[in-house]
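K.L.:
give me the fold of what follows.
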Amino acid sequence: MKEIYKGYEIEYLEQIGKFNAKIGQSSYDNESLSAVKKYIDNLEKKDFKRVDVIINDYTGYEYGTITSCVKSRHYGGHEGIDCWISLKNGSRKKMDIKSVYLDNEKNREILDDIIKKEQEIKGIKQEIKNLHLSFEKYTYEINLSEEPE
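P.N.:
As a prediction, the model looks like this:
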């Protein structure tokens, strides 16, 4: 099943059981067709230029679209800019602009490199853990036949 909604192509992907809307260089998936249409409606609500982005927070990297940005006061009274991001999983998140990157080919390549390096680090940490486990342990035997003085 394919459908054009407000200029965006929506297709049902049977292999994953979700509807997929192509939005610029990116896309949005959801099990509900109405949720996909609502996501498209939200993209068009404001006169704000929407940009596909990659965000980085404590949970890792995610893909989304900026829906608005505002000046704000951060911890310690420092002024900054926060952006509201509609994530591909359907949720929204407010992010400091310092952790928001353009979703383009160059940045995706950089992100792939980062993910590879993180996997290498994970492997090295596992090797270190295995080395720690292979240490010959120190044991101390207590002689119970002797009584303390």
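
K.L.:
could you use CA atoms for every contact and neighbour count after this?
P.N.:
Fine.

K.L.:
ok, and for the top strand by length along the chain, which residues are buried?
P.N.:
As assigned by DSSP state E, the longest strand anywhere in the chain is strand 60-73. Neighbour counts over strand 60-73 (16 or more other CA atoms under 10 Å) mark Tyr63, Gly64, Thr65, Ile66, Thr67, Ser68, Cys69 as buried.

K.L.:
need the contact list for the residue nearest the centre of the chain.
P.N.:
Centroid-nearest residue in the chain: Glu62, 2.5 Å away (criterion: CA atoms, centre = their mean). Applying CA atoms under 8 Å, 6 or more residues apart in numbering, we find Glu62 in contact with Ile54, Ile55, Asn56, Leu87, Lys88.

K.L.:
can I get the buried part of those as one PyMOL selection?
P.N.:
Here is the PyMOL command that picks out the buried ones among the contacts of Glu62, judged by 16+ other CA under 10 Å:
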select buried, resi 54+55+87+88
